[in-house]
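Novice: A structural model of the following input is requested.
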Amino acid sequence: MNAEYINPFLESARVVIEQVIQIRPATGKLGVKDVKFVENYIWIQIGLNGQMNGDIVFGLSEEVALKMISAMMGGYTISEIDDIGRSAISELGNMISGNASTILYNQGVRVDITPPKVMHSAQSAGFTAQRALTIPLIMEGIGELDIQVLVAS
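Specialist: Residues are numbered from 1 along each chain as shown. Reported below is the predicted structural model:
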(Lines give C-alpha, C1' and ligand atoms only; values in the text may rest on other atoms or scores of the structure.)
Protein backbone atom coordinates (compact mmCIF):
# COMPACT_ATOMS: atom_id res chain seq x y z
CA MET A 1 0.00 0.00 0.00
CA ASN A 2 1.37 3.35 -1.01
CA ALA A 3 0.98 6.19 1.52
CA GLU A 4 0.85 8.65 -1.39
CA TYR A 5 -2.65 7.33 -2.21
CA ILE A 6 -4.13 8.89 0.92
CA ASN A 7 -2.55 12.36 0.62
CA PRO A 8 -4.96 13.81 -2.01
CA PHE A 9 -7.93 12.65 0.11
CA LEU A 10 -6.38 14.07 3.27
CA GLU A 11 -5.65 17.41 1.60
CA SER A 12 -9.13 17.56 0.09
CA ALA A 13 -10.85 16.57 3.36
CA ARG A 14 -9.06 19.34 5.25
CA VAL A 15 -10.17 21.97 2.72
CA VAL A 16 -13.77 20.73 2.38
CA ILE A 17 -14.29 20.36 6.15
CA GLU A 18 -12.87 23.81 6.76
CA GLN A 19 -15.22 25.30 4.13
CA VAL A 20 -18.37 23.35 4.99
CA ILE A 21 -18.05 22.70 8.74
CA GLN A 22 -16.04 25.86 9.58
CA ILE A 23 -13.44 23.90 11.57
CA ARG A 24 -9.79 23.33 10.72
CA PRO A 25 -9.18 19.62 11.39
CA ALA A 26 -5.94 18.30 12.86
CA THR A 27 -4.35 15.20 11.36
CA GLY A 28 -3.93 12.03 13.40
CA LYS A 29 -1.36 9.30 12.87
CA LEU A 30 -1.17 7.43 9.55
CA GLY A 31 -1.52 3.70 9.94
CA VAL A 32 -2.71 0.44 8.44
CA LYS A 33 -5.66 -1.28 10.07
CA ASP A 34 -8.53 -3.63 9.39
CA VAL A 35 -11.72 -1.91 8.36
CA LYS A 36 -14.28 -3.32 10.79
CA PHE A 37 -17.91 -2.33 10.87
CA VAL A 38 -18.97 -1.42 14.37
CA GLU A 39 -22.30 -0.38 15.83
CA ASN A 40 -23.31 3.30 15.88
CA TYR A 41 -20.97 4.09 13.00
CA ILE A 42 -21.62 5.47 9.54
CA TRP A 43 -19.51 4.63 6.50
CA ILE A 44 -19.39 6.57 3.25
CA GLN A 45 -17.96 4.34 0.53
CA ILE A 46 -16.84 5.73 -2.81
CA GLY A 47 -15.38 3.54 -5.53
CA LEU A 48 -12.25 4.50 -7.46
CA ASN A 49 -11.76 3.39 -11.07
CA GLY A 50 -8.99 4.16 -13.53
CA GLN A 51 -5.28 4.28 -12.75
CA MET A 52 -6.25 3.64 -9.11
CA ASN A 53 -8.84 0.97 -8.37
CA GLY A 54 -10.44 0.38 -5.02
CA ASP A 55 -12.48 2.28 -2.48
CA ILE A 56 -12.19 5.32 -0.29
CA VAL A 57 -14.16 4.86 2.91
CA PHE A 58 -14.94 7.64 5.36
CA GLY A 59 -15.91 6.34 8.79
CA LEU A 60 -17.44 8.35 11.61
CA SER A 61 -19.55 7.70 14.66
CA GLU A 62 -23.23 8.62 14.51
CA GLU A 63 -22.54 11.28 17.15
CA VAL A 64 -19.84 12.90 14.98
CA ALA A 65 -22.08 12.60 11.91
CA LEU A 66 -24.92 14.41 13.73
CA LYS A 67 -22.57 17.24 14.72
CA MET A 68 -21.19 17.54 11.18
CA ILE A 69 -24.67 17.47 9.61
CA SER A 70 -25.82 20.12 12.11
CA ALA A 71 -22.85 22.32 11.12
CA MET A 72 -23.64 21.77 7.43
CA MET A 73 -27.24 22.84 8.12
CA GLY A 74 -26.07 26.19 9.46
CA GLY A 75 -26.00 25.12 13.10
CA TYR A 76 -29.55 23.75 13.20
CA THR A 77 -29.36 20.89 15.74
CA ILE A 78 -30.01 17.49 14.19
CA SER A 79 -31.01 14.70 16.59
CA GLU A 80 -31.35 11.79 14.17
CA ILE A 81 -29.92 10.86 10.80
CA ASP A 82 -32.85 10.96 8.39
CA ASP A 83 -32.85 11.05 4.58
CA ILE A 84 -31.71 14.69 4.52
CA GLY A 85 -28.91 13.93 6.98
CA ARG A 86 -27.77 10.91 4.95
CA SER A 87 -27.83 13.08 1.84
CA ALA A 88 -25.74 15.77 3.56
CA ILE A 89 -23.10 13.35 4.87
CA SER A 90 -23.07 11.57 1.50
CA GLU A 91 -22.44 14.88 -0.26
CA LEU A 92 -19.57 15.63 2.12
CA GLY A 93 -17.90 12.37 1.03
CA ASN A 94 -18.64 13.19 -2.60
CA MET A 95 -17.10 16.68 -2.31
CA ILE A 96 -13.95 15.33 -0.66
CA SER A 97 -13.54 12.55 -3.23
CA GLY A 98 -14.30 14.81 -6.20
CA ASN A 99 -11.70 17.33 -5.09
CA ALA A 100 -9.21 14.52 -4.44
CA SER A 101 -9.76 13.13 -7.95
CA THR A 102 -8.97 16.60 -9.34
CA ILE A 103 -5.76 16.69 -7.28
CA LEU A 104 -4.85 13.22 -8.58
CA TYR A 105 -5.60 14.29 -12.18
CA ASN A 106 -3.25 17.28 -11.74
CA GLN A 107 -0.59 14.79 -10.58
CA GLY A 108 -1.08 12.74 -13.74
CA VAL A 109 -3.30 10.03 -12.21
CA ARG A 110 -6.65 9.57 -13.93
CA VAL A 111 -9.38 8.27 -11.66
CA ASP A 112 -13.16 8.28 -11.75
CA ILE A 113 -15.29 8.08 -8.62
CA THR A 114 -18.59 6.32 -8.11
CA PRO A 115 -21.55 7.93 -6.33
CA PRO A 116 -21.23 7.66 -2.56
CA LYS A 117 -22.91 4.80 -0.72
CA VAL A 118 -23.83 5.57 2.90
CA MET A 119 -23.94 2.53 5.15
CA HIS A 120 -24.84 2.07 8.77
CA SER A 121 -23.07 -0.91 10.31
CA ALA A 122 -26.19 -3.08 9.96
CA GLN A 123 -26.27 -2.31 6.23
CA SER A 124 -22.66 -3.24 5.63
CA ALA A 125 -23.46 -6.62 4.10
CA GLY A 126 -21.61 -7.06 0.86
CA PHE A 127 -18.57 -5.03 1.92
CA THR A 128 -15.80 -7.35 3.07
CA ALA A 129 -13.42 -6.16 5.76
CA GLN A 130 -9.98 -5.40 4.40
CA ARG A 131 -6.75 -3.84 5.54
CA ALA A 132 -6.69 -0.16 4.72
CA LEU A 133 -4.33 2.76 4.83
CA THR A 134 -6.01 5.03 7.36
CA ILE A 135 -5.65 8.46 8.90
CA PRO A 136 -8.01 10.21 11.29
CA LEU A 137 -8.98 13.85 10.99
CA ILE A 138 -9.63 15.33 14.43
CA MET A 139 -12.20 18.12 14.60
CA GLU A 140 -12.18 20.01 17.88
CA GLY A 141 -15.59 19.93 19.53
CA ILE A 142 -16.92 17.42 16.98
CA GLY A 143 -14.76 14.28 16.96
CA GLU A 144 -12.91 12.18 14.41
CA LEU A 145 -13.47 11.33 10.76
CA ASP A 146 -11.41 8.33 9.61
CA ILE A 147 -10.21 8.36 6.01
CA GLN A 148 -9.50 4.83 4.82
CA VAL A 149 -8.09 4.02 1.42
CA LEU A 150 -8.38 0.51 0.03
CA VAL A 151 -6.53 0.55 -3.28
CA ALA A 152 -5.68 -2.47 -5.40
CA SER A 153 -3.47 -0.60 -7.87
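Novice: contacts, neighbours, all on C-alpha from now
Specialist: Will do.
Novice: okay, Thr128: pLDDT?
Specialist: You'll see Thr128 listed with a pLDDT of 65.
Novice: so after the lowest-mean-pLDDT helix or strand in the chain, what's the next helix or strand?
Specialist: In the chain, no helix or strand scores lower on mean pLDDT, DSSP states H and E than strand 31-34, which sits at a mean of 83. Remark: after strand 31-34, the chain's next helix or strand is strand 41-50, criterion DSSP states H and E.
Novice: and that following strand, what's its mean pLDDT?
Specialist: 91.
Novice: just the buried residues of that strand, please?
Specialist: When burial is assessed from 16 or more other C-alpha atoms under 10 Å, strand 41-50 yields the following buried residues: Tyr41, Ile42, Trp43, Ile44, Gln45, Ile46, Gly47, Leu48, Asn49.
Novice: if we look at it, which residues are touching it?
Specialist: By C-alpha atoms under 8 Å, 6 or more residues apart in numbering, the residues outside strand 41-50 that reach it are 53-62, 65, 89-90, 93-94, 97, 110-121.
Novice: was I right about Arg110 contacting Gln51?
Specialist: Yes - counting by C-alpha atoms under 8 Å, Arg110 touches Gln51, with 5.6 Å between them.
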